[in-house]
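1. With the input below, show me the fold.
(one chain, ligands or ions: 2)
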Amino acid sequence: MGPRIISIVNQKGGVGKTTTATNLSAALAATGKSVLLVDLDPQGNASTGLGIDGARRSLTTYDLIAGEHEVSEVAIETRYSGLSIVPATTDLSSADLDFAGAQNRVSLLKRRLQSTPLDYDYILIDCPPSLNILTINAMVASDSVLIPLQAEFFALEGLSQLMLTIRQIRSTANASLGIEGVVLTMYDRRNNLSQQVEADARDNLGDLVFRTLIPRNVRLSEAPSFAMSILDYDPASAGARAYVALAEELIARHSVPQEASHVAAR
Ligand code: ADP
Ligand code: MG
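-> Ligands and ions are numbered 1, 2, ... in the order given. This next block holds a predicted model:
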């Protein structure tokens, strides 16, 4: 079986996509899974956050999408065992224009991920804060979408636009695109608003919402500036424990047959 490919998507910025992409990747790798993180945001925050400096970004996601390099050429190892990354640079910001006239412009990434057998358990794609051609490429290439939702006012706004886009992609370029789940981020259990957003999300989305909540935790915001994952920066922190729990929940969802998982949820 090939890798499970998961896009981390929300067209809003600052909701925890990159924090989830890097730390969930690190947590999956820590359980022994082999993981590739594809940085698809021109800002390259996931690459920086995992300590990939500019000198190591001679080949990037741009080169992968442009079609002249295979995954094996552009993926580099992080300091974490089992975790590799395809880094991004600001080059990617011109992708919209550069690939506008390309044939199959929405399936450029899919083609690269399928052109050679890839020996990963998971490929996570950290998407930019928009539903642009890069994000569309990610969703076309993916088995599923994982949506971080910030436990804030208006959190559920914008989700309908995203769901519409997912339906459009299903009816055109990727009929089997699933929803991996919605994960609440920056959750503050003492705050009524967080609880309200959680209740609304569970009412509207049911089992799609992960049981695991990612708390607001300052250690999570500090870790990237030390070029570390939270598991390394502060393994005892609430943030580290949450991302380990999210990785376990995600793995359990796949290893248990659908029927049994429903029984277990009751
Ligand atoms: P996105 O990729 O969606 O734009 P980020 O993951 O970059 O969002 O997060 C936005 C900001 O919020 C960053 O400064 C990040 O460090 C911080 N942040 C993300 N998740 C948390 C959290 N659970 N607790 C505290 N700060 C967080
Ligand atoms: Mg980001």
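
2. Test my guess that His254 contacts Pro3.
-> No. With contact defined as Cβ atoms under 8 Å, His254 does not count as touching Pro3 (11.8 Å). Heads up, the C-betas are built off the backbone N, CA and C, glycines and all.

3. So those two - more neighbours on which side?
-> Pro3 (19 against 12; other Cβ atoms under 10 Å).

4. Can you check what pLDDT the model gives the more buried one?
-> pLDDT recorded at Pro3 is 96.

5. residues contacting it?
-> Leu36, Leu118, Tyr120, Asp121, Tyr122, Ile123 (Cβ atoms under 8 Å, 6 or more residues apart in numbering).

6. Looking at the residues you listed, spot the one nearest Ser107.
-> Ile123 (15.5 Å; Cβ to Cβ).

7. Count the residues that sit near that closest one.
-> For Ile123, the count of nearby residues is 26 (other Cβ under 10 Å).

8. Can you tell me how far Val15 is from Ala227?
-> Between Val15 and Ala227 the distance is 22 Å, computed by Cβ to Cβ, to the nearest Å.

9. Between the two, which is the more surrounded one?
-> Val15 (21 against 17).

10. from memory the more buried one sits against Gln150, does it?
-> Yes. Val15 is within contact range of Gln150, at 4.2 Å (criterion: Cβ under 8 Å).

11. what's near enough to touch whatever residue of the chain ends up closest to ligand 2?
-> Of all residues in the chain, Thr18 sits closest to ligand 2, at 3.3 Å by Cβ to the ion. When contacts are counted by Cβ under 8 Å, 6+ apart, Thr18 touches Asp41, Asn45, Ala46, Gly49, Asp126, Pro224.

12. measure the third one to Gln114 for me?
-> So that's Ala46. For Ala46, the distance to Gln114 - Cβ to Cβ - is 22 Å.

13. The two: who's more crowded?
-> When neighbours are counted by other Cβ under 10 Å, Ala46 and Gln114 differ, and Ala46 comes out ahead with 29 against 14.

14. moving C-terminal of the host helix or strand of that one, what's the next helix or strand?
-> Using DSSP states H and E, Ala46 falls within helix 45-49. The element immediately downstream of helix 45-49 (helix or strand, assigned by DSSP H and E) is helix 61-66.

15. which helices and strands sit right next to that next one?
-> Contacts defined by 3 or more Cβ pairs under 8 Å, 6 or more residues apart in numbering; DSSP states H and E place helix 61-66 against strand 35-39, helix 71-74, helix 95-98, helix 108-115.

16. For it, give me every contacting residue.
-> 38-40, 69, 71, 73-74, 86-89, 91-92, 95, 98-99, 108-109, 112, 137.

17. Mind giving me the PyMOL command for buried ones among the residues you listed?
-> Buried residues within those, by 16 or more other Cβ atoms under 10 Å, are selected in PyMOL with:
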select buried, resi 38+39+40+69+71+74+86+87+88+89+91+92+95+98+99+108+109+112+137
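
18. Would you mind listing the outside residues contacting the strand or helix carrying Leu164?
-> Leu164 is part of helix 159-172 when elements are defined by DSSP H and E. For helix 159-172, the external contacting residues (Cβ under 8 Å, 6+ apart) are 9-11, 106, 131, 136, 139-140, 145, 147, 149, 176-177, 179.

19. Distance to Asn23 added to these, as TSV?
-> Shown next, in TSV, are the contacts of helix 159-172 (distance: Cβ to Cβ, whole Å):
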residue	distance to Asn23
Val9	17
Asn10	16
Gln11	21
Val106	29
Leu131	24
Ile136	25
Met139	22
Val140	25
Val145	18
Ile147	16
Leu149	16
Ser176	27
Leu177	24
Ile179	20
